[in-house]
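Novice: 3D model of this:
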Amino acid sequence: MEIRQIKYFIEVANREHVTEAAEALHVAQSAVSRQIFNLEKELGVDLFIREGRRVKLTPIGKYFYIVLNMQ
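Specialist: Residues are numbered from 1 along each chain as shown. Predicted coordinates for the structure are as follows:
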């Protein structure tokens, strides 16, 4: 797990939109998507429910988000 993946995860979770998160982070949308995919693969869980261009946190994603924000 990399700091960049966590940063991207938090931005996507806050915005519920990968493209908007990428714009805010000043990176390509594909880079954000790839890092989120890699993070999910590493953790072995889906963190987001994909709904077209929008995303929502899964219950596990919500828990992960809360834990990260406790730091």
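Novice: So what touches stretch 13-20?
Specialist: Stretch 13-20 is contacted by residues 12, 21, 24, 29, 32-33, 36, 47-48, 53-57, 61, 65 when judged by C-beta atoms under 8 Å, 6 or more residues apart in numbering. For every residue, glycine as well, the C-beta is placed using N, CA and C.
Novice: In CSV, list the C-alpha atoms belonging to it.
Specialist: Extracted C-alpha coordinates of stretch 13-20, given in CSV (Å, rounded to 0.1, in the frame of the first residue of the first chain):
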residue,chain,number,x,y,z
ALA,A,13,-14.3,8.8,-1.8
ASN,A,14,-14.9,12.5,-1.0
ARG,A,15,-16.0,13.4,-4.5
GLU,A,16,-17.7,10.1,-5.4
HIS,A,17,-16.3,10.6,-9.0
VAL,A,18,-13.0,9.4,-10.4
THR,A,19,-12.6,12.0,-13.1
GLU,A,20,-13.3,14.9,-10.7
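Novice: pLDDT averaged over it - what is it?
Specialist: Mean pLDDT, stretch 13-20: 96.
Novice: Give me the buried positions along it.
Specialist: For stretch 13-20, the buried set under the neighbour-count rule, 16 or more other C-beta atoms under 10 Å, comprises 13, 15, 17-18, 20.
Novice: chain center to it, what's the gap?
Specialist: Between the centre of stretch 13-20 and the centre of its chain there are 8 Å (C-alpha atoms, centre = their mean, to the nearest Å).
Novice: same question, stretch 8-26
Specialist: Between the centre of stretch 8-26 and the centre of its chain there are 7 Å (C-alpha atoms, centre = their mean).
Novice: quick one: terminal-to-terminal distance for that stretch?
Specialist: 11 Å (C-alpha to C-alpha, to the nearest Å).
Novice: so which helix or strand takes in the residue nearest the centre of the chain?
Specialist: Geometric centre of the chain, nearest residue: Phe9, 2.7 Å, by C-alpha atoms, centre = their mean. According to DSSP states H and E, Phe9 maps onto helix 3-15.
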